[in-house]
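**Student:** Just need the structure, nothing else, for what follows:
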Amino acid sequence: MAEVLTEWPSIVRTRQSRYPWSEWTNGEIWKVTEGQDFDSNLKTFVQGLYAYGKRHGMKVEVRTDPNAGIAAFRFVNGTQTASASESVAPAAEEE
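**Tutor:** Numbers count the residues shown, from 1 in each chain. Reported below is the predicted structural model:
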């Protein structure tokens, strides 16, 4: 049952982030795979990257391969302007 309090309780926030943002925002290029590194669909994950970047004043560069469920991304300081239109398909090996 609900109760009235006379002061705020000392509650420690224990929620952990779903993703390792401190690692992923270190400026390196990261490649993640749907089903291994994230559970949402690729489009939703990429939208989450842009939202995180906007909330934290970072630009995020993203390349996706929808057929493979792969996203490659990098967070950098600055304004978010990158698009997700380019593919991250592996480059052909030269012989």
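
**Student:** Bridged to residue 64, which residues?
**Tutor:** On DSSP bridges, the residues paired with residue 64 through beta bridges are residue 71.

**Student:** so residue 64 sits right up against residue 70, yeah?
**Tutor:** Yes. Residue 64 is in contact with residue 70 according to Cβ atoms under 8 Å; the separation is 6.9 Å. All C-beta atoms are positioned from the backbone trio N, CA, C, and that covers glycine.

**Student:** Number of residues surrounding residue 75?
**Tutor:** Residue 75 is surrounded by 23 other residues when neighbours are defined as other Cβ atoms under 10 Å.

**Student:** Specify the local secondary structure of the residue nearest the centre of the chain.
**Tutor:** Most central in the chain under Cα atoms, centre = their mean is residue 49, positioned 3.6 Å from the mean C-alpha point. The local conformation at residue 49, judged by DSSP: H, G, I helix; E, B strand; the rest coil, is helix.

**Student:** need the contact list for the residue lying closest to it once chain neighbours are set aside.
**Tutor:** The spatially closest residue to residue 49, leaving aside those adjacent along the chain, is residue 60, at 5.1 Å (Cβ to Cβ, 6 or more residues apart in numbering). Residue 60 sits next to 49-50, 52-53, 73-76, 80, 82 when contact means Cβ atoms under 8 Å, 6 or more residues apart in numbering.

**Student:** Setting aside sequence neighbours, what's the nearest residue to residue 57?
**Tutor:** residue 77 (7.2 Å).

**Student:** how close does the one you found get to residue 46?
**Tutor:** The spacing between residue 77 and residue 46, counted by Cβ to Cβ, to the nearest Å, is 20 Å.

**Student:** neighbour count winner among those two?
**Tutor:** Here residue 77 and residue 46 are set side by side on neighbour count (other Cβ under 10 Å), and the busier one is residue 46, at 20 against 10.

**Student:** which outside residues touch the helix or strand bottoming out on mean pLDDT in the chain?
**Tutor:** One helix or strand of the chain scores below all others by mean pLDDT, DSSP states H and E: helix 21-24, with a mean of 92. Contacts of helix 21-24 with the rest of the structure, by Cβ under 8 Å, 6+ apart, involve 30, 52, 73, 75.
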